[in-house]
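Trainee: what follows is a predicted structure for the sequence shown.
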Protein chains: 2
Amino acid sequence: MSPELKYDEWLIVEESFIPENNRASESIFSIGNGKMGQRANFEESYSGDSLQGSYIAGIYYPDKTRVGWWKNGYPEYFAKVLNSANWIGIDIKVNKQTLDLSKCIVREFRRVLNMKEGYLQRTFKAELQNGNLIEVESKRFLSIVDTRIGAIKYSIKAANFKGKLELTPYIDLDISNEDSNYGEKFWKEESKIVLENEGYLLGKTKKLDFYVCSGMKFNIEKNSIPISNQVIKIEEQKYIANSCEVEVEQNDTVIIYKYAANLSTQDYELADLIEETKKAVHGAQKLGFAQLLNEQANAWEQKWEESDIEIKGDISAQQAIRFNIFQLNQTYTGEDERLNIGPKGFTGEKYGGSTYWDTEAFALPFYLSTASPKVSRNLLLYRYKHLGKAIENAEKLGFVNGAALYPMVTMNGEECHNEWEITFEEIHRNGAIAYAIFNYIRHTGDESYLSDYGLEVLIGISRFWSQRATLSPIKGKYVILGVTGPNEYENNVNNNWYTNIIASWTLEYSLESLKKVESSSPEKLKKLINRLDFDLNEETNKWKDIVQNMYYPVSEDYGIFLQQDGYLDKENILVQDINPLERPLNQNWSWDRILRSPFIKQADVLQGIYFFEEKYKLDTIRKNFYYYEPRTVHESSLSACIHAIIAAKIGDIETAYNMYLRTARLDLDDYNREVEEGLHITSMAGTWLAIVEGFGGLRVRNGNILINPVIPDKWDSYSFNIRFRGNQLNFTVNHKTFDVTNKQGGEITVLIGENKYSIDKGNTLSLDVI
Amino acid sequence: MSPELKYDEWLIVEESFIPENNRASESIFSIGNGKMGQRANFEESYSGDSLQGSYIAGIYYPDKTRVGWWKNGYPEYFAKVLNSANWIGIDIKVNKQTLDLSKCIVREFRRVLNMKEGYLQRTFKAELQNGNLIEVESKRFLSIVDTRIGAIKYSIKAANFKGKLELTPYIDLDISNEDSNYGEKFWKEESKIVLENEGYLLGKTKKLDFYVCSGMKFNIEKNSIPISNQVIKIEEQKYIANSCEVEVEQNDTVIIYKYAANLSTQDYELADLIEETKKAVHGAQKLGFAQLLNEQANAWEQKWEESDIEIKGDISAQQAIRFNIFQLNQTYTGEDERLNIGPKGFTGEKYGGSTYWDTEAFALPFYLSTASPKVSRNLLLYRYKHLGKAIENAEKLGFVNGAALYPMVTMNGEECHNEWEITFEEIHRNGAIAYAIFNYIRHTGDESYLSDYGLEVLIGISRFWSQRATLSPIKGKYVILGVTGPNEYENNVNNNWYTNIIASWTLEYSLESLKKVESSSPEKLKKLINRLDFDLNEETNKWKDIVQNMYYPVSEDYGIFLQQDGYLDKENILVQDINPLERPLNQNWSWDRILRSPFIKQADVLQGIYFFEEKYKLDTIRKNFYYYEPRTVHESSLSACIHAIIAAKIGDIETAYNMYLRTARLDLDDYNREVEEGLHITSMAGTWLAIVEGFGGLRVRNGNILINPVIPDKWDSYSFNIRFRGNQLNFTVNHKTFDVTNKQGGEITVLIGENKYSIDKGNTLSLDVI
């Protein structure tokens, strides 16, 4: 089951405690700060069903794979972000009875995710089996100001009794991943220190030897007065705690403030790790909870200033888009080019926290428009640093001469996806890496990226395409055989149109880029060519030949691009012909039946049209959209957004809005009954895209912002913010007018539909909507 | 490494003990009797590398699969024939020192597999670390007369010492399968009885609750005189033994005779199992080793009389073909229709001892020609009894109305192969089940099989094909999309010619069979039609439509059938272009590269031409052969035999002979460095086919034997025996003459080339070879 949430502009609110929903709520109410993530597990003991999840970015484990035991080229492991130390834990005993919500009567339970200020709050009354009634309020957050820090304020009021409260704040590293392939635990204890009111546990991961020090420090107040009772220090295997008894009279309120920090050898020398952790928790305690939370709220205010989307007249939509933006900003902040965006962020174990093409194809535009260029540049550098591994990956598959195949799923650049039809064949991902370079430069104007990093990646990828495309002896054209397109409901097909187009486009863009760098930085180019042993003549001639002679399957009859060579041999049936009881197909049909069917998982030809829209006439786009959409089951969370954008482009606002609805509240309304596994972080960027590129019609054309807004009937107005090169722009659209405000930066030229407008700093251009 | 074997007409001989070869030798020297199999493990302790293997036909375990964790329709388990109780064990201590060939000096080691009489012999001298020298001879066999029984004669001579020999015959059920997916052991102990000189251990498998009682009884002689020393009875968890000390003087010889039996609840009531096992071992001991071995030799003489192939002038070829025939007869005897032929028989764990299409496509003709029709009829009944499961299997994939898809791999009719591209897509196997019915009736003339069993299977399979073939909207023809042909180096292709032809042929044959049964047994047909809810009009009309409008890919340019729709898009390169260091491809190339390449694992189009040779002109066959063979890497053990037969058919005897060589000594010479995993039992039938259908040119045409023999240059002569309906025929071919002897049965008409000859009982027809 999924939780029932209240609509609110800035809050996610759950007002009842339903144990069956607990895992789902734990996902939805997750907090994160780009460096750490924490599911909405309870601080106190809970014996009911729960997915414990505390994740530290970049701390992963190469778990031995369970598949692919004989085929050459398979990765040996599947990387998974580790569930790491439980730092939130505070066991509570009330007159010797453990507080455990699955064993007491719970009233007035309320859980709130405050997206405006970035914290999680929970209040409830619990009547324990001994009849003692307590009123609890807990607040916690992961600081986005000091990303090492988490802080908790946990308050207990003795509502109907007097006696003893026992509080046991702890750190527990005896943690498992539910998705461990062989039931292994991945953490070893290295050392620990337990002091009064504080403690430090140094753990080490198996295999890769990441060290993480988790520290805590706490203080207790009774009726707002600090108390310093004696504590009992507890040390167990992978576990440290302090236990502390407080005498209470009826109506006394006891508050514990727990400050925690997680520091790792990713950022610190091992020798300094414990000391630095100490400093961090001491510093946090010194500032105090209120001050930390104040800083947190200010920092979030800043984020919202840059990235908020306001929707008026539809509170459900307003809540949803803020939830999506909030989660995206909780997941990736762009501070560290070693990190990336897992499809589930830090909200669950699924997909192992690894990086997919989602980042380049779906998430990048959000960060391009709502954050400093450094943020998206770091996303690109992540791949640049993995180029060597991408070349190794291609070598494993038999490619030579520096050809690079970026992995389908990765943590450190090595491939760790385990199904051949994806790992080996879903090679279009390589194109998305190239497209991201183009997209980044187009948006930021940062041409230096090309000569410093981008071109080297483009050459690697183009070398791959130039070997992977082969000349068909009968077609006399270049073909790309045996691929899986974005539509993973077909495998091992020939000439997937999307793959062919993005391959050819990459070659073209690489040729252009070579020329650009040749004129802008001839010395850099010379060095690069030498270092890569690049044959400027022979290699580029081959690329040109492929660009000119690539084969593209089409249907003249339908006036469309063909998804792949054999698509028209499939049955000519539509999604509306499927018995609704058999949806979603991937839960009801055999894999075989799905593969044979004409049904499409997510945008495939349309993904290519989305990327390369300028190449095609509106009529072509329209024909393809109306051919493929009725055959698409949208069983990927990344499907609807692309359809929404294209539908808006061709003026079909109703369809665009319907598509937008499928993506907006995917997690909040738990359409697929799987939110308990974690949130669809990368698809949240799709919702943003559906609004900004769909309804807003945002594009970049020849170095200018182009905008072409429409508004769904149901909304009164919407507004979004775009950072574009030196400027910060706000776009506000209602049914009558359309305002563009140049919030920051110098005069800017904005293309609106067919027209050009200049807007001075601070000015607003106001137009009537036609 | 692989063992170096001596050439011998009737023996397989290994004359040195090389521990690195031990697993390979254990496979090659395996013994079996159709009901049990035993690798050539040592009776005494051995701490060196070894694959312990003792298998009982039909006793398997559904081991939880490690793959396919999310795709619908996957089988939940992979069946594996269990490694069962070690019944051969006899621990030997010489003056307290354990005999262990990996810890002593071994001289004059000799291992012999006597194929003529059906036993395994081993002799060696061992100098132990204490300096004691012993001379050992062991002989053992699994009786083909009483298939419950195994017997061992183990003799030890004290060559240079006096003192104590300690003999500990035992039964050990604390056994594991090396291929256990989760490291589990599959046997539980139910009960045990240890008496003096005998013992019984009743075990039970996990999950499926097969009970097996393993019993032993033994007696000891010193210098040919029975002795009855006191024994120590030993009982441990899953282990029973007797330990027995014998005082020896120098040159004394001690012999232990150990009689064992394995009986299971497949054949006996649980309540009787121990008692019946007792009776069996008592009976065996009463007969005695010499008598049992005598019966064994006689029974094998009978088998050879029916199935021997004699080759003169090429001892290597002679040895090889006898080895292959011997192993086939050790693996399957046709006594029990619940059993079948695993690709590795009872000689290793690989392929789980399960049944593949190998049985119908490759092994059946051997048993048709060399054994009673009951034997091949039981192979067919095996599938008939699995029809219900085949229907369930098809239902899981979304088929309806009694469509049957036989599994790729099975033990009890359920699919237990775990790769989608095989499980779901290698559906041509279904055609081989139908073809076997045709082949059986063609050879035996047993038309009653059709009305009693065959037609029902044909209807199930045809219902599958009629749903699986779909009408291509653009071709206007029936297509079969998303299949894997016999060439498993392509997956998920469209219109694999072989699959299309065997599907269409099945429909045609089913239509014919319906007519036959209608005229021969109209009542039976009526009942069947009612029971199957078969719509005689509508369903057969659909079948006819498919037969008439099936799409077959062809290349007009090459004058060939096309392996699949996209084959000609692949690079036009040949096997001779591959760097030999990169062979075999499946050990050197990534799976992806293999799939994209034009290289073919095994006969694919040619498999269809083999089955349906009569449909095609010689020129067509020739063009297809010379197109596909140079693109075929023969990395399946089932490839070369089909090529040998077709090469002979088109008169290319040199190629036929080369192909024959690739299959004949595959295991004896361990071409693929993998014989340690077990023998290629089903491919051994391919060797027989290469000689009989290849060089001999044996066919059945219109109810007559057709023969068309050629002889390889290297051979002086060869002769083979064919059982055909009432007759037993011998064919002997040398470079000048060709003799057909009607050994048994009435007058028979034999087609030789274009001519017909009648041969009376006992007569020989002698012709000159042109």
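Mentor: Received it, and whenever you're ready, just let me know what you need. Numbering: from 1, shown residues only, chains lettered A, B, ... in the order given.
Trainee: check which element follows the lowest-mean-pLDDT helix or strand in chain A along the chain.
Mentor: Least confident helix or strand of chain A, by mean pLDDT, DSSP states H and E, is strand A:77-83 with a mean of 84. Sequence order places strand A:90-94 as the next helix or strand after strand A:77-83, per DSSP states H and E.
Trainee: one step back: what's in contact with the least confident helix or strand of chain A?
Mentor: With contact meaning Cβ atoms under 8 Å, 6 or more residues apart in numbering or on different chains, strand A:77-83 is reached by A:52-57, A:59-65, A:175-177, A:179-181, A:186-187, A:205, A:342, A:346, A:349, A:352-354, A:409-412, A:414, A:416-418. C-beta: built from backbone N, CA, C; applies to glycine.
Trainee: what is the neighbour count of the closest residue to residue A:166 other than its chain neighbours?
Mentor: In this structure, residue A:166 finds its nearest non-sequential neighbour in residue A:93, 3.9 Å apart by Cβ to Cβ, 6 or more residues apart in numbering or on different chains. Residues lying near residue A:93 (other Cβ atoms under 10 Å in any protein chain shown) number 18.
Trainee: got it, and residue A:238?
Mentor: Residues near residue A:238, counting by other Cβ under 10 Å, number 17.
Trainee: residue contacts, it?
Mentor: For residue A:238, the contacting residues are A:172, A:173, A:174, A:175, A:187, A:189, A:201, A:203, by Cβ under 8 Å, 6+ apart.
Trainee: sheet partners, orientation included, of the least confident helix or strand of chain A?
Mentor: strand A:54-64 (antiparallel) (DSSP bridges).
Trainee: can I get the strand it pairs with in PDB, CA atoms only?
Mentor: C-alpha atoms of strand A:54-64 as PDB (Å, rounded to 0.1, in the frame of the first residue of the first chain):
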ATOM      1  CA  SER A  54      21.500   5.400   5.500                       C
ATOM      2  CA  TYR A  55      23.700   6.000   2.500                       C
ATOM      3  CA  ILE A  56      26.900   7.900   2.000                       C
ATOM      4  CA  ALA A  57      27.600   9.000  -1.600                       C
ATOM      5  CA  GLY A  58      30.400   7.100  -3.300                       C
ATOM      6  CA  ILE A  59      30.800   4.400  -0.600                       C
ATOM      7  CA  TYR A  60      29.900   1.300  -2.500                       C
ATOM      8  CA  TYR A  61      30.600  -2.400  -2.700                       C
ATOM      9  CA  PRO A  62      31.400  -4.600  -5.700                       C
ATOM     10  CA  ASP A  63      29.100  -7.400  -4.800                       C
ATOM     11  CA  LYS A  64      29.800 -10.600  -6.700                       C
END
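Trainee: pull out the buried residues from that strand.
Mentor: For strand A:54-64, the neighbour count (16 or more other Cβ atoms under 10 Å in any protein chain shown) marks A:54, A:55, A:56, A:57, A:58, A:59, A:60, A:61, A:62, A:63 as buried.
Trainee: kindly report the same for stretch A:395-414.
Mentor: A:395-399, A:401-414.
Trainee: next one: it to chain centre, how far?
Mentor: Offset of stretch A:395-414 from its chain centre (Cα atoms, centre = their mean, to the nearest Å): 23 Å.
Trainee: and that stretch, does that touch chain B?
Mentor: Yes - on the criterion Cβ under 8 Å from any Cβ of the partner chain, stretch A:395-414 is in touch with chain B at A:396, A:397, A:398.
Trainee: again, but for stretch A:595-602
Mentor: Yes - judged by Cβ under 8 Å from any Cβ, stretch A:595-602 and chain B are in contact via A:595, A:596.
Trainee: quick one: contacts of that stretch?
Mentor: In contact with stretch A:595-602 (Cβ under 8 Å, 6+ apart) are residues A:486-491, A:563, A:567, A:570-573, A:575, A:578, A:585-586, A:589, A:628, A:631-636, A:638-639, A:642, B:424, B:470, B:481-482, B:492.
Trainee: same thing but at 6 Å, please
Mentor: A:486-489, A:570-571, A:631-633, A:635-636, A:638-639, B:481-482 (Cβ atoms under 6 Å, 6 or more residues apart in numbering or on different chains).
Trainee: only the C-alpha atoms, please, for it, written as CSV.
Mentor: Provided in CSV are the C-alpha atoms of stretch A:595-602 (Å, rounded to 0.1, in the frame of the first residue of the first chain):
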residue,chain,number,x,y,z
LEU,A,595,9.6,-8.9,-26.9
ARG,A,596,7.4,-10.2,-29.7
SER,A,597,4.8,-7.6,-29.1
PRO,A,598,4.9,-4.2,-30.8
PHE,A,599,4.5,-2.4,-27.4
ILE,A,600,7.2,0.1,-26.5
LYS,A,601,8.4,0.7,-23.0
GLN,A,602,9.5,4.2,-23.4
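Trainee: average pLDDT for that stretch?
Mentor: Mean pLDDT, stretch A:595-602: 96.
Trainee: from the chain's centroid, how far away is it?
Mentor: 26 Å.
Trainee: same question for stretch A:254-272.
Mentor: Its chain's C-alpha centre and that of stretch A:254-272 lie 25 Å apart, by Cα atoms, centre = their mean.
Trainee: state the distance from residue A:241 to residue A:190.
Mentor: As judged by Cβ to Cβ, to the nearest Å, residue A:241 and residue A:190 stand 18 Å apart.
Trainee: name the SS class of the nearest residue to residue A:708 once chain neighbours are set aside, please.
Mentor: Counting by Cβ to Cβ, 6+ apart, residue A:697 is the residue found nearest to residue A:708 once chain neighbours are left out, at 3.1 Å. Residue A:697 carries the three-state label coil when classified by DSSP: H, G, I helix; E, B strand; the rest coil.
Trainee: what pLDDT is listed against residue A:697?
Mentor: pLDDT for residue A:697: 97.
Trainee: can you pull the contacts of residue A:353?
Mentor: A:81, A:342.
Trainee: for it, give its distance to chain B.
Mentor: Noted for residue A:353: a distance of 18 Å to chain B, by Cβ to the nearest Cβ, to the nearest Å.
Trainee: got CSV for the contacts of residue A:238, with secondary structure too?
Mentor: CSV is the format used below for those (three-state DSSP):
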residue, secondary structure
A:172, strand
A:173, coil
A:174, coil
A:175, coil
A:187, strand
A:189, strand
A:201, strand
A:203, strand
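Trainee: same list (those residues) but as CSV, adding neighbour count, pLDDT and distance to chain B.
Mentor: As requested, those are exported to CSV (neighbours: other Cβ atoms under 10 Å in any protein chain shown; pLDDT from 0 to 100; distance: Cβ to the nearest Cβ, whole Å):
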residue, neighbour count, pLDDT, distance to chain B
A:172, 19, 98, 28
A:173, 24, 97, 27
A:174, 14, 96, 23
A:175, 18, 94, 23
A:187, 24, 95, 23
A:189, 16, 97, 26
A:201, 28, 98, 32
A:203, 27, 97, 27
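Trainee: export the residues you listed to JSON lines and tack on distance to residue B:511?
Mentor: Putting those into JSON lines (distance: Cβ to Cβ, whole Å) gives the following:
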{"residue": "A:172", "distance to residue B:511": "70"}
{"residue": "A:173", "distance to residue B:511": "70"}
{"residue": "A:174", "distance to residue B:511": "68"}
{"residue": "A:175", "distance to residue B:511": "65"}
{"residue": "A:187", "distance to residue B:511": "66"}
{"residue": "A:189", "distance to residue B:511": "73"}
{"residue": "A:201", "distance to residue B:511": "75"}
{"residue": "A:203", "distance to residue B:511": "71"}
